[in-house]
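# Curious how this folds, go ahead:
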Amino acid sequence: MKIMFIIPRMVGGGAERVISVLSNEFVNRQIGVKILMTAGCDMAYRLDERIEVMQIGGRTGGSIFKRIERIIRMRKVFKQNRDYILVAFEPATAFFTCLAKVGLHMKQVSSERNDPESFPNKKIREYAYLHSDRVVFQTEDAMRYFPKDIQKRGTIIVNPITEKLPEVYTGPRKRTVVAAGRLEEQKNHVNLLYAFKDFLIKFPDYILHLYGQGSLEQELKDLADRLGIRKNVIFEGFHESILNEIKDAGMYVLSSDYEGISNSLLEAMGMGMPVVSTDCPCGGSRMCIQDGVNGFLVPVGQVDALRDAMEKLAGSEELAVRMGREASKVRERFSLQSVVKEWLELLNEI
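This next block holds a predicted model:
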């Protein structure tokens, strides 16, 4: 078997991390792997030297001519690698892949990585998925969003937890709150900052660590200044390996408006960290968290609910320990080996 993953760039996002984890595991199983980046040359993750990474251009900026040029370059790569199964992450990439492989009789799997409602161009996505051999979804909610003819091509495969995850941490926890993700509107760090401001009234010695980069970084720093909490908020930037840095944090918080399945949330839970997450579409957090048992789920966009959940964890060491212990059980449910097995079964079927 030979597999070519296709994605715009290998920046520090969840889809890119999944590709890197799967690619490294596939080559360890003597499966040929290539990664084709269609809109940049960023590489935020370490890859096995046996994985060939190709890059065919930069962003198109909406230019129809540059998009046509991208399709032509993709087609050239596909012609040279006709024995590969194409695995396209994200809808627009799946659409370009479909166009570039017309007449080449290559197998294609497309993977939906986010809340389907958040994607603006429904028609091109429907075209891409109807012209894919299979479509991978992360949650039942995401698959049910689509018409029956797409659902028939669908299968659900969750994100894997890396085998390099540190052991479950059982020692004393720092008075810190951790969040990891791109500093973009989807992640709603604005609500997290407002909730943290109110949280500091009862727990003034806590520090919030925000890991990630994005277009809203300066805006969020300015907001922290206006709220008077800047000295309690540290913008950490992107870290390829933050797990050992955050394993003893007081809690992990996900404030997103929508998500697929958050890799960072899974990893925090797998290390035994107490967590708070919005119950956001398309149901990924709900798949991981049983509210009040192995974490807290709060409604999207409700600052008070987010603050209250954080206060419950900070105010009760016994509760935090119990929830962290229950959270760590996701290590088995979302293990790399079980997820790789599901991917390989799918790829062998088509």
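# Tell me the buried residues in stretch 277-296?
Judged by neighbour count (16 or more other Cβ atoms under 10 Å), stretch 277-296 contains these buried residues: 277-289, 294-296. Every C-beta, even on glycine, is put in place using the N, C-alpha and C of the backbone.
# Report the rounded mean pLDDT for it.
For stretch 277-296, the mean pLDDT works out to 96.
# CA atoms of that stretch as PDB?
What follows is stretch 277-296, C-alpha atoms only, in PDB (Å, rounded to 0.1, in the frame of the first residue of the first chain):
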ATOM      1  CA  SER A 277     -14.700  22.200  27.500                       C
ATOM      2  CA  THR A 278     -17.500  23.900  25.600                       C
ATOM      3  CA  ASP A 279     -20.100  21.400  24.300                       C
ATOM      4  CA  CYS A 280     -19.400  22.600  20.800                       C
ATOM      5  CA  PRO A 281     -20.500  21.300  17.400                       C
ATOM      6  CA  CYS A 282     -19.800  18.800  16.000                       C
ATOM      7  CA  GLY A 283     -19.900  16.800  19.200                       C
ATOM      8  CA  GLY A 284     -16.200  15.900  19.600                       C
ATOM      9  CA  SER A 285     -15.900  17.100  23.200                       C
ATOM     10  CA  ARG A 286     -19.100  15.200  24.000                       C
ATOM     11  CA  MET A 287     -17.500  12.000  22.700                       C
ATOM     12  CA  CYS A 288     -14.600  12.500  25.100                       C
ATOM     13  CA  ILE A 289     -16.200  14.000  28.200                       C
ATOM     14  CA  GLN A 290     -19.000  12.700  30.400                       C
ATOM     15  CA  ASP A 291     -20.000  15.900  32.100                       C
ATOM     16  CA  GLY A 292     -19.200  15.800  35.800                       C
ATOM     17  CA  VAL A 293     -17.400  12.500  35.600                       C
ATOM     18  CA  ASN A 294     -14.200  13.000  33.600                       C
ATOM     19  CA  GLY A 295     -14.500  16.700  33.000                       C
ATOM     20  CA  PHE A 296     -17.000  19.500  32.600                       C
END
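# What residues sit buried inside stretch 314-333?
314, 320, 323-324, 326-328, 330-331.
# I should have written stretch 76-95 there, sorry.
77-78, 81, 84-95.
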